[in-house]
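Asker: what's the 3D shape of this:
(chains A and B)
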2 protein chains.
Amino acid sequence: MVISKNMEALVAGSSTIRKLFEEGLQLAAEVGAENVYDFSLGNPAAPVPAKVTQAIKDILAENPDSYVHGYMKNAGFDEVRSNVANSLNKKFDMGYGPEDIVMTVGAAGAMNCVFRALLGYEDEVIAFAPYFGEYRSYVANYGGILKVVPAKLDDFDLNVDALDELINEKTKCVIVNNPNNPSGKVYPASTLQKLAELLEKAEKRVGHPIYVIADEPYRELVYDGDEVPYIPSIIKNSIYMYSFSKTLSLPGERIGYMALSKRMDYYEEMIGAMVVANRCLGYINAPSLFQLVVSRCLDVDVDLEFYDKNRKLLYSKLTELGFEVVKPQGAFYLLVKSPYENEEEFVKAAKKNHIILVSTKTFGCPGYVRIAYCVDYKMIERSLPAFEQLAKDCGL
Amino acid sequence: MVISKNMEALVAGSSTIRKLFEEGLQLAAEVGAENVYDFSLGNPAAPVPAKVTQAIKDILAENPDSYVHGYMKNAGFDEVRSNVANSLNKKFDMGYGPEDIVMTVGAAGAMNCVFRALLGYEDEVIAFAPYFGEYRSYVANYGGILKVVPAKLDDFDLNVDALDELINEKTKCVIVNNPNNPSGKVYPASTLQKLAELLEKAEKRVGHPIYVIADEPYRELVYDGDEVPYIPSIIKNSIYMYSFSKTLSLPGERIGYMALSKRMDYYEEMIGAMVVANRCLGYINAPSLFQLVVSRCLDVDVDLEFYDKNRKLLYSKLTELGFEVVKPQGAFYLLVKSPYENEEEFVKAAKKNHIILVSTKTFGCPGYVRIAYCVDYKMIERSLPAFEQLAKDCGL
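Answerer: A predicted model of the protein is given here:
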């Protein structure tokens, strides 16, 4: 074994997901791709907004190549950071300046910068279950440890009451993913206010800031006229991170940013460290052309209807069939409670009906499966008889 | 201090370089940008080949957006990896398949994947001075230690004789950057053969592979009809990494790849770990549009003349003025020996004449300055009177 010990577990864990993906491909080869209902991945099917493609063409036509494709500051183009700051200020009145924004290789890149900057060996980060499983890898990259607050299964809100006992001198960050992947829950302002109060006390107790990482790639994907509270306006020590992957359907391009407010403790140190981390992790800078592209598309309206009709169809149909479904308020994921005690049985039963689902075990919340409904509406329509059969197979 | 101890030193080191950059900007504001001769950065001034811009347009016109901007396998598009493998095979007869290629966020991204996969806490990596200073950060990201083989000042070849005593049970990798930044040296096949033999013996002694990282972003930038030997055809346990930043003038787009040969020890484990590292470091995948772009530009001829005339002019003029110059064979950097014992004095004297140079202290080889001649020829012409004055100021 030449791989580092720290890496071994990640490789082992990864092969489980890869297996699922490859089994899906194999199934498609056997029964035809149109007869496989793959709800496993968060790859957005909504069309890329026309403004994005136009922006690419315009940027190439209007600017010298050396500007579009060249190096800029590690934090990104000044004019892009300025546009991002202004767009956030318009919505949330935060008083950001361009110097508070770091353009990053997606939100994943932003989160790795924070962990690189803050985590010493065996320092701790806390996530609320259910949580995006990759957080565990990101923390492990720098020798950190992820601790998990158990899910609040009655309503999937943040389990703030169970947080305090996990906080100690090693705690550096708490991650809040709003709207949540995989539950689709939108955490309300009242809960975040409670979190703010708890953390303020905890910070005094442990003697250092505990930064809340506000991971919000799904911010605009929220239904029924609901709104996602802006965490940095509620919690002083929070780092906002955003990705354009989901709302502009650009997951392959790896473009996002983080925003740090001057109100936070150790602001100067923090923003300086983020820029250095962005460079020294080998990102160097967020991809240059797409920095310029998103800068022109900050206020593009998301086609909410694309996902909302999927959400409504699946929720009503699955409920009707007797499944217990957590009604999603945002993002494009939906949790179904497993009719079997071990949800792996449910994943297998679904697969027999050519439905590919993901167990929530890797999300720190066993007993459920996740349906990613960021797919074509027609695929959902085609899948309904298979879900009917699945309900029968499960004895519903 | 909330930043991790490991990060503190990196932030402190970074501010030195940032200071230089900012001083240059300030100088430009004072005396006019056309009167400042900034040779500090490796930002290539050669035009982006027309084929690149055409490829962007064609790819957008010919493919659905969901393909161009969507998720693909973490290792990259299969067809891109296949094209890269074929292009390498045509040149070096290595028998690569697409499964041996991982598309990465530049060569910096590739190197971080290797260190993430291989380094346990306090494991060691060895670089030959002079070396690109960022290697130190990349190793430190994962708790590793960079050890440095002193430079061979008579000819700047790899100091293979001094390598063996630095190797021990903790040694995981040796970095070879060919052509070298900052010396412009091209390491010949005979030296690499000697390195191969030494490492083979050392591997037996320490009981595990020692992988050579062949960092070759400047491979095509080689002058006087010289050729750069292909390290993986000489050294079995080597990982090839390439960036398109320099040869296609795309440094801002962050696109490169690594290639692993099936001949290496633990091939299966290694390639699997690289793909997982690419994902778990938050890169997820190399930027999608630019994967497709470089795939169509693998055999674009580099405009060597653009840099060669800079090289010739600077080398002849500086030599004529009495400076001791290391004649570069490749890349677009040139070392000048400091006429002062402390090269910081030389940097200061140059700055008085509005010439911005970088001390080689951060390259592990004090006593010299680096000139990055990847600039416009006209700027070099304009700078010559300033170099004349500098020579006088130095008493040459």
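Asker: from A:Ala349, how far out is A:Gln389?
Answerer: 10 Å (CB to CB, to the nearest Å). Yep, even glycine has a C-beta here, placed from its N, CA and C like the rest.
Asker: can you pull out the strands in the stretch 51-200 of chain A?
Answerer: A:101-104, A:124-128, A:145-149, A:171-177 (DSSP state E, counting those that start in this stretch).
Asker: now do the stretch 251-396 of chain A
Answerer: Per DSSP E, counting those that start in this stretch, the stretch 251-396 of chain A carries strands over the ranges A:256-260, A:325-326, A:333-337, A:355-356, A:358-359, A:368-372.
Asker: just the buried positions in the longest helix along chain A, please.
Answerer: For chain A, the helix with the greatest residue count under DSSP state H is helix A:5-31. Under the neighbour-count criterion of 16 or more other CB atoms under 10 Å in any protein chain shown, helix A:5-31 has A:Asn6, A:Met7, A:Leu10, A:Val11, A:Gly13, A:Ser14, A:Arg18, A:Leu20, A:Gly24, A:Leu27, A:Ala28 buried.
Asker: show the average pLDDT along that helix.
Answerer: The predicted model assigns helix A:5-31 a mean pLDDT of 80.
Asker: can you give the strand pairings for the helix or strand that comes right after it, parallel or anti for each?
Answerer: Note on helix A:5-31: by DSSP states H and E, the next helix or strand toward the C-terminus is strand A:37-38. When pairing is defined by DSSP bridges, strand A:37-38 lines up against strand A:355-356 (parallel).
Asker: any idea of the mean pLDDT in the partner strand?
Answerer: Average pLDDT, strand A:355-356: 94.
Asker: domain map for chain A?
Answerer: A:5-48+A:302-393, A:50-295 (automatic domain parsing).
Asker: ranking those by burial, who's on top?
Answerer: domain A:50-295 (a mean of 21; mean count of other CB atoms under 10 Å in any protein chain shown).
Asker: centre of the chain to that one, how far?
Answerer: Relative to its chain's centre, domain A:50-295 lies at 10 Å (CA atoms, centre = their mean, to the nearest Å).
Asker: end to end on it, go ahead and measure it.
Answerer: One end of domain A:50-295 to the other measures 15 Å (CA to CA, to the nearest Å).
Asker: next: stretch A:142-155.
Answerer: End-to-end distance (CA to CA), stretch A:142-155: 33 Å.
Asker: what about the helices in the stretch 151-300 of chain A?
Answerer: For the stretch 151-300 of chain A, helices defined by DSSP state H, counting those that start in this stretch occupy the ranges A:189-206, A:267-280, A:288-295.
Asker: which one of the ones you listed lies nearest to B:Phe115?
Answerer: Proximity to B:Phe115 (CB to CB) singles out helix A:267-280 among the helices of the stretch 151-300 of chain A, at 11.4 Å.
Asker: what does that closest one rub up against?
Answerer: Around helix A:267-280, the neighbours that count as contacts under CB atoms under 8 Å, 6 or more residues apart in numbering or on different chains are A:73-75, A:99-100, A:102, A:104, A:109, A:112-114, A:116-118, A:211, A:239, A:258, A:260-261, A:264, A:284-285, B:1-3, B:7, B:10-11, B:14-15, B:134, B:137-138, B:140-141.
Asker: circling back: also near chain B: which of the buried residues of helix A:5-31, exactly?
Answerer: A:Asn6, A:Met7, A:Leu10, A:Val11, A:Ser14 (CB under 8 Å from any CB of the partner chain).
Asker: with adjacent residues omitted, what lies nearest to the fourth one?
Answerer: With CB to CB, 6 or more residues apart in numbering or on different chains as the measure, B:Val276 is the residue that lies nearest to A:Val11, at 5.1 Å, once sequence neighbours are left out.
Asker: the first one now?
Answerer: On the basis of CB to CB, 6+ apart, the spatially nearest residue to A:Asn6 that is not a chain neighbour turns out to be A:Ala140, at 6.0 Å.
Asker: list the contacts of the nearest residue to A:Tyr142 once chain neighbours are set aside.
Answerer: With sequence-adjacent residues excluded and distances taken as CB to CB, 6+ apart, A:Tyr142 is closest to A:Leu119, at 4.4 Å. Contacts for A:Leu119 were tallied using CB under 8 Å, 6+ apart; they are A:Val125, A:Val139, A:Tyr142, A:Gly143, A:Gly144, A:Lys172, B:Ser4.
Asker: the same query, at a cut-off of 10 Å, please.
Answerer: A:125, A:138-145, A:170, A:172-173, B:4, B:6-7 (CB atoms under 10 Å, 6 or more residues apart in numbering or on different chains).
Asker: before we move on, what about A:Asp58?
Answerer: A:Lys51, A:Leu292, A:Val293, A:Arg296.
Asker: among the residues you listed, which are in reach of chain B?
Answerer: A:Leu292, A:Val293 (CB under 10 Å from any CB of the partner chain).
Asker: okay, angle between the longest helix of chain A and helix B:267-280 too, please.
Answerer: Interaxial angle of helix A:5-31 relative to helix B:267-280 (axes from the mean of the first three to the mean of the last three CA atoms, to 10 degrees): 90 degrees.
Asker: tell me what helix A:5-31 is packed against?
Answerer: Applying 3 or more CB pairs under 10 Å, 6 or more residues apart in numbering or on different chains; DSSP states H and E, one finds that helix A:5-31 contacts strand A:37-38, helix A:134-140, helix A:343-352, strand A:355-356, strand A:358-359, helix B:106-118, helix B:267-280.
Asker: run the angle between it and helix B:106-118 for me.
Answerer: Between helix A:5-31 and helix B:106-118, the angle formed by their directions is 110 degrees, by the same axes, to 10 degrees.
Asker: can you give the distance of helix A:5-31 from its chain's centre?
Answerer: Counting by CA atoms, centre = their mean, helix A:5-31 comes out at 21 Å from the chain centroid.
Asker: circling back: and the helices and strands packed on helix A:5-31 as JSON lines, adding distance to B:Val336?
Answerer: Shown next, in JSON lines, are these (distance: least, CB to CB, whole Å):
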{"stretch": "strand A:37-38", "distance to B:Val336": "60"}
{"stretch": "helix A:134-140", "distance to B:Val336": "43"}
{"stretch": "helix A:343-352", "distance to B:Val336": "65"}
{"stretch": "strand A:355-356", "distance to B:Val336": "61"}
{"stretch": "strand A:358-359", "distance to B:Val336": "59"}
{"stretch": "helix B:106-118", "distance to B:Val336": "26"}
{"stretch": "helix B:267-280", "distance to B:Val336": "38"}
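Asker: looking at those, which is nearest to B:Gly225?
Answerer: helix B:106-118 (25.2 Å).
Asker: re the thing from before, just so I know, which of the helices and strands packed on helix A:5-31 lies nearest A:Tyr333?
Answerer: Proximity to A:Tyr333 (CB to CB) singles out strand A:358-359 among the helices and strands packed on helix A:5-31, at 9.4 Å.
Asker: partners of the closest one, with directions?
Answerer: strand A:368-372 (antiparallel).
Asker: mean confidence for the partner strand?
Answerer: Strand A:368-372 comes out at a mean pLDDT of 96.
Asker: so, low pLDDT: which residues of chain A?
Answerer: A:15-18 (pLDDT under 70).
Asker: hmm, 80 instead?
Answerer: A:1, A:13-25 (pLDDT under 80).
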